Every structure is written in structure tokens, then in C-alpha cells.
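In: Next one to model:
(chains A and B)
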Amino acid sequence: MSESITIRKGLDINLRGKAEKVFIKADTTGKYAVKPVDFPGLTPKLAVEEGSEVKAGSVLFYDKANTEIKFTSPVSGKVFEIVRGDRRKLLEVIIESDGKNESEQFLQADPSSSDRATVVSNLLNSGLWPAIKQRPYNIIANPALSPKSVFISGFDSAPLGVDFDFIMQDHLKEFQAGIDALAKLTDGKVHLGINGKYPPNPAFANVKNVQVNRFIGKHPAGNVGTHIHYIDPVNKGEIVWTTDPQSVVTIGRLFITGKYDASKTIALAGSEVLRPRYYKVISGCSIEPLIKENVTDKPLRCISGNVLTGTRIAPDGYLGFYDSMFTVIPEGNKHEFMGWLAPGFSKFSASRLFFSWLNPKREYIVDTNVKGGRRALMITGSFEKVFPFDILPMQLLKAIIIEDIDLMEKLGIYEVAEEDFALCEFIDTSKTDIQAIVRKGLDLMAKEMN
Amino acid sequence: MKGLRNYLDKIKPNFEKGGKLEKFHSLFDAVETLLYVPDKVTTSGSHIRDAIDMKRTMIIVVMAMVPALLFGIWNAGNFHFQSLGILQEKTFWQVFGYGLLKVLPIIIVSYVTGLTIEIIFAQIRHHDVPEGFFVTGMLIPLVMPVDVPLWMVSVSTVFAVIIGVEVFGGAGMNILNPALTARAFLFFAYPSEMSGDKVWVAGLKGGEGIVDGFSGETIMGYAAGGKLEQMPYSVSDMFFGFIPGSIGETSTLAILIGAIILIYTGVGSWKIIASVFAGGAIMGLLLNLFAVNEYMALPFWQHLIIGGFAFGAVFMATDPVSAAQTEKGKWIYGFLIGFLAILIRVLNPAYPEGVMLAILLMNVFAPLIDHYVVEANIKKRLKRLKTLKA
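Out: Have a look, this model is predicted:
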């Protein structure tokens, strides 16, 4: 039943600073954070205060709209600080780890012989539920509903993306348990999309109870949205859930041990990292110890996630809930003389407007400069080259801008998430913030339909 | 270079809000961003961005027009001296120099007029100055007859920029191709300066010292007058451009070089260019099949290398703002332009050349074409839902 699909549209951005395949075990003391802003549409309700003692799995805050959905501490220790922004918006709950990593006790059970309600409540109680997102709207899944299928992307095709084959190789047992748990959540199938270019790692090759689909192509071939579109597209009224391989492992561990163990492997990558490598950390860790004496002394942009979709963080910021990497690239806050006229041998462009097309194998250092002024959406036909969906990207975008709910629905907004438009935003000549527009459209739809 | 940057930073506050030169903010901003790419960094979404921007895109289009421009300049001198019968006595540089004296003022008038208006509107609207006029300002001279009075260039540019673009909300919002709007305005407002057999060669209207038997008639003129057999031009003259016509339109070879630049860089849609030529060829073939006069019997491929056909296909039809915006729509849009251009050219005696009108007409219909392409996409999605439920 497994399908093999070749994606013909897309773009690989070859950046310098790919993480070397070496594991480093990071120190587990220090500070950790859970950030409500990682979850679009969430209104958090705090359950702790500064100084509260917590264990791994202790509730930090709830979803105000559905108090069953809990967000828990990844480590044991003390609530160090509760950071609020404008209008007292909750930004971060920071926990200082005591290094013991004690966990609350949750249900220990074999998921394949448990019923759906048991699996759901165990995920909700442990704070692992938010790891499952839903399409449409790309928000945390609603536990009361049943999706038509569950999708997991087994590879990251984004620039400098992590190699899940490397990360997952030793995790077959936990991965299988996690898959068994997910299979309980849907009446349909669980789909795992893997990179068709290489033979799969042992965990992906031997896993059962899942349909493995192979995808070959440029980025966004590894985006879960692309997989859904080609295998089981979301129509009006349908729901698909998504998650990532490391969350599946964490879910598996929860059922095997009854403990919330949020450890994961992340990559530290980017042109400004002196020794880009993989680190074994705990979810929500700080970037600070990893980049200490490990980055250049230029002005830097630290990102939780990849360069296309990640979140900007401070040099002592924290890993986002869904992220598997930190990226560090140079800031671009400098003027370039006649930059638009220069031949541009070292400038990355998807077009052939710069002479860098002469050297397709080059690894680029790209900074955060916008590289031009904001203009009207004049150029047509360029998004279509990097957008592999059978959806008209420019027309959908314009429907969102004019807030035409009906048209957005007709043009396929239920299928997309912000990240699916990241490449469009990257190549856009008019320098429009497209992902923000798509997020606005999704929020608008979610509000309108409920 | 540091000195220049420091100087700009020093005078910049004067142009900001509340500064004494606030009224010239847009002008300052245009000059500053021409000299330096702004230091603005990404704040949301993708942290890195492609090096492409509107300035780079537009300058590539201008570069693609340079071969046609250079040939046009030389050709202006070529025909002027031919009409006087003294071409043999002149060197290449004298011929080119004469052409430059005729063409350069048109270019300058076009740019100065257009950019002035653009900067004024940008200032009023608190926008950046858009780069679209980089291209329009060069297209306008290239579609003018060489003897066009400068004030007409200026008036038509004013009309094109204000009525063609700004009333719709500025660059990117316009319905018609601005350069063709300028040309159509002149064509209908001052027909005697835009058509006939006297306007295509510099100095012909004065009529002094013209050698006997010299005609400044274009091929279109010969054909419309039913005098094709008297036409002194060979097929290679047509292809290389040794024929009278608007400044930039004569050399199909020079235009093809431009087309290669546009297509290779990805700035111009190859789908539009190819389908315009396909549409023109098919209409030409149809006319050949039912030929009842000499013009209809003109071999179909010759239509593609005479008049403004190639220029329109490569530089006018590909304007992304006024063309169809969907990829499938571009095929239909281009095809109909080529098809209608030859139809108007051959069968309508009032308009010796049909390319301009065909493109303007299809500019108007482009949103309709897109509408049906979008509807087809919507229907496909609905059908997917229905088969699922069935």
C-alpha cells in the first residue's frame, strides 16, 4: 500500500553550516522554558507561580478554551520566572532545572491493547497532547474529534534541516509504541513519509502498524503538508492530525515507562556556528550553553527552528516546543552599495538574475537582510515554481488579504499551513511577509467556522 | 564609499517627517535606495530572503532591451542618410551618432517626465517610488517613430502614467500596459504623427534633399496599400531589421537576444512569448489557406518578423501586471494576442498594425481568462470532495 511520490516543484537552499553527525550530550541543568506563543491561537491560563516546585510533567498552564489540554514542565525544578509582554501577554514560563529529572507518574500501558480514551487521557495529562496538530488551521488537535488520518514526516528537507535517519536509528522500540498509540486515535491510517532518496533507518524500516510513503524531491518534499496533499488531502469538513518523529518517540516512552521524558536530539547549525553538531537535550532548553564559545563574533540572529519557518530568539532564548534545531546566521543590518546592480556571484537566488547560477554546488552564507523594498505583488509565476500543491498560491494569498472567507475556502486554505508558503515568502520579489498573511487567514477561518 | 554613506546618513533627518525637506522624502528615498540596498532585516516569517528584488528584476528587463535600442539608434541614422542618398559617404559612427542625437532626447524626455510624476505620486501616497517606470520609460521611446515631436512624448507619458497607472492605485494595480497606453494615446490623438509613410524616417517630413524614389513606407504600409510587390525589402532585411519602423521594433534578431535574456533569467514568461508566436503563426496559416489577396497570401512566418509583432510578444505582452496571472491563463492570453494581432493587421484596413490593439484588448480580458482558470481549479477541488462522498 505504500506510495512513492516524486515532487517536481520546490527549491533546495544550500546553506553553509550543516550539523556534523556527532552526538554531544548537553548538560541537563540550567534553565528551560515552555512558550505559549509556540501554539497559534492559544489563550493560556497559568497554573503555577514563580517559585513553585515542579516535576517533569507538572502542569504549567492550560488552554483556557479547553482545560483538558495541559502544558507541562519538561524538567523537574523550580519555576524561575514568568515572562510577560505587552498587555500582560504570557510569553515564557522559565523553569530552573534541579538536574534530577524526576517525573510525575502517568499511566504505564501497552498502547496497542489500550482503548482510545485511555490513550487520549494519558497524552492530555502528560502534556504531550499539544505535540499533535491538526489541519485545517495548523493548531493543536481537538481531542474530542477523530481525524481521518494521522501524518508524520520522517525527514526534514528545509535548509540545514536535521537528519531524522541519524537521530532515530536507535529508537525503534519507543517509536513503535508511539505509533501504536497514534493508531488508536484515528479510524483511518497513520502515514509516515520518508525520504525516497536514501534507504530508511532501522526505526523507519521496521516499524509496523503504519503506511510508509516515500517522497523524492526538493524542499518542501519533507513538509508534512506536502505529504497530506499528495496522499490524503483535506477537504472541507475533514480533519487530519500531524506530528513529528521525535514526539512519537516521546509518546512511546510515556507509555513504556509511565514517565514524561522530554529528551530529544537537536541540531545546532548555521554558517556562524564554529562546530555545528547534534546535541542530546531536553525540550525547551536554552541556546546559551550550546553557542558559548561556539559562534563567530559578528552580529548574529539566533533562531529556534530552521531559517525559513523558525522563531527569532535572544542569544539566551529557548527551544520552541515543535523545533528540532537551533540555527545561527549573520544579521544583515548593513547597507550594500549598489547591491541591486552588482553581478552577485555569492548571492543566493532561485532566479538566474545573479551570476551565482554559474556555481550551483556552492554553499551560501545568507544573512537576514530583506534585500530590497516592499512592493505591490507584481511578479507572477514565481510562486508556482516552488509550491508543489495543486492550489493557486497567489490567488489564495490575495483571497486572504481581502478576507474573502468563501473564496479562501474554495481555493484550498484547509490544506495549507504557514510553513507551506515559506519558500514563496523566501523568493518573493515584492518582499511581502507571506507566512504572516497565511497565519492571519487560518486564524480568521478558525474563528469563522467555530 | 564610506564618505557617501556618512553624507547620506547626515542629510537623511532633513527628509524625515518634520524635517525641513520633508516634501522631498520620496526623491531622497529613491536616490538612497538606488545607491544602497537598505539595511532592513527580516522581522517575521522567513529569516533569509532571496537576493531578488524589484530593482534587479526591472534592470534586467532594461538590459534585455539594449540590443533593440542600439540597433534602433543605428537604424535611425541609416534610414536618414539613405533618404538623402549619402549613406555611402558616412562612417558607422556618423550613422550611429546621428541616430543617438535623434533617440537620446526622446529617452530623456520619457524618463524625466515619467519619474517626476512617479515621485510626486509616491510622495502624496507615502509610498516608495516603484521601479516599474525603469522599464516603461525605455519602452515608450522604443515604440515611437523616430521623428515624433518631443512634446508629444512628454504628453503621452503623462497620460500613460496618470490615466494608465496612477488612477488605479499605482504600479502593480494597472489594467493596461502603460507603454502601450502612451502609444495608443498618440495613435488616436495625433494620427498624422504616428502613421503614414513620412514619420518613420528622420527628416523625411521636411522633404528637402530627399532622393527620388525613396519611400519611408513601412512593410505594413506597403501591404495595406496593396503594393507588396513594390516593397524593396528582403526577408533577411526584415529579420535583421534594415526596415523602417518604430525605433526599437525593427530588428527581430535584437529582440530575440532580449527574449533569450528574459527567458533565461526567468523574468519574462516564456509561455507568453511562445504562445504569442504560436497564435500569430496559426492565424497567418489560416489566412494563407483562405487567401484572396496578396497580403493574406504572405507566408505566415513572415508576419512574425515584420512590424511590431516580435517586440510586442517579447517586451509588451510579458508585462506581468497587465498579463494573465495564472500559468494556464498565460497560454491562452498569449495565444489570443498573436491570433488577434495578425487578424487586425491583415483584415482591418484602418489599422496597418494590430499588435498594439491586440495586446491592449487582451490586457482587458486577462482578468476574465484568470477567472476561468481559477474556477477550474475550484471545481477540481469540489469534485474531489464529491467523489469522496459518493
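
In: quick one, domains of the chain?
Out: Answering for chain A, as no chain was given. A:1-332, A:383-449 (automatic domain parsing).

In: wrong one, chain B
Out: Under the assignment named as automatic domain parsing, the residue ranges that make up the domains of chain B are B:2-35, B:54-207, B:228-390.

In: Kindly reformat these as CSV containing distance to chain A, mean pLDDT and mean neighbour count.
Out: For every residue, glycine as well, the C-beta is placed using N, CA and C. Formatted as CSV, those follow (distance: least, Cβ to the nearest Cβ, whole Å; pLDDT from 0 to 100; neighbours: other Cβ atoms under 10 Å in any protein chain shown):
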stretch, distance to chain A, mean pLDDT, mean neighbour count
domain B:2-35, 6, 84, 14
domain B:54-207, 3, 92, 20
domain B:228-390, 4, 93, 20
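
In: JSON lines please, covering those domains and showing distance to residue A:257.
Out: Written out in JSON lines, the entries for these read as follows (distance: least, Cβ to Cβ, whole Å):
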{"stretch": "domain B:2-35", "distance to residue A:257": "59"}
{"stretch": "domain B:54-207", "distance to residue A:257": "56"}
{"stretch": "domain B:228-390", "distance to residue A:257": "40"}
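
In: follow-up on the earlier one: indicate which one of the domains of chain A is closest to residue B:388.
Out: domain A:1-332 (6.4 Å; Cβ to Cβ).

In: Can you say which of the domains of chain B is nearest to residue A:220?
Out: Evaluated with Cβ to Cβ, the domains of chain B place domain B:228-390 nearest to residue A:220, the distance being 18.7 Å.

In: Save the domains of chain A as a markdown table, and put in distance to chain B, mean neighbour count and mean pLDDT too.
Out: Converted to a markdown table, those look like this (distance: least, Cβ to the nearest Cβ, whole Å; neighbours: other Cβ atoms under 10 Å in any protein chain shown; pLDDT from 0 to 100):
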| stretch | distance to chain B | mean neighbour count | mean pLDDT |
| --- | --- | --- | --- |
| domain A:1-332 | 4 | 20 | 94 |
| domain A:383-449 | 4 | 20 | 95 |
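
In: Let me have those in a markdown table, extended by distance to residue B:262.
Out: As requested, the domains of chain A are exported to a markdown table (distance: least, Cβ to Cβ, whole Å):
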| stretch | distance to residue B:262 |
| --- | --- |
| domain A:1-332 | 21 |
| domain A:383-449 | 15 |
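
In: wait, what's in contact with the closest residue to residue A:414 other than its chain neighbours?
Out: Once flanking residues are discounted, residue A:414 sits nearest to residue A:136: 3.9 Å by Cβ to Cβ, 6 or more residues apart in numbering or on different chains. The contact partners of residue A:136, by Cβ atoms under 8 Å, 6 or more residues apart in numbering or on different chains, come to A:234, A:239, A:413, A:414, A:415, A:442, A:445, A:446.

In: before we move on, what about residue A:110?
Out: For residue A:110, the set of contacting residues under the criterion of Cβ under 8 Å, 6+ apart consists of A:177, A:180, A:255.

In: Now it, what are its backbone angles?
Out: phi -80, psi 110 (degrees, to the nearest 10).

In: Distance of it relative to residue B:257?
Out: Remark: distance between residue A:110 and residue B:257 (Cβ to Cβ, to the nearest Å) = 71 Å.

In: And for residue B:269?
Out: In this structure, residue B:269 lies at 18 Å from residue B:257, with Cβ to Cβ as the measure.

In: Just to check, residue B:330 is in contact with residue B:271?
Out: Yes - look at residue B:330 against residue B:271 with Cβ atoms under 8 Å: they come within range, at 4.5 Å.

In: shared neighbours of these two, anything?
Out: Shared between the contact lists of residue B:330 and residue B:271 (criterion: Cβ under 8 Å, 6+ apart) are residues residue A:381.
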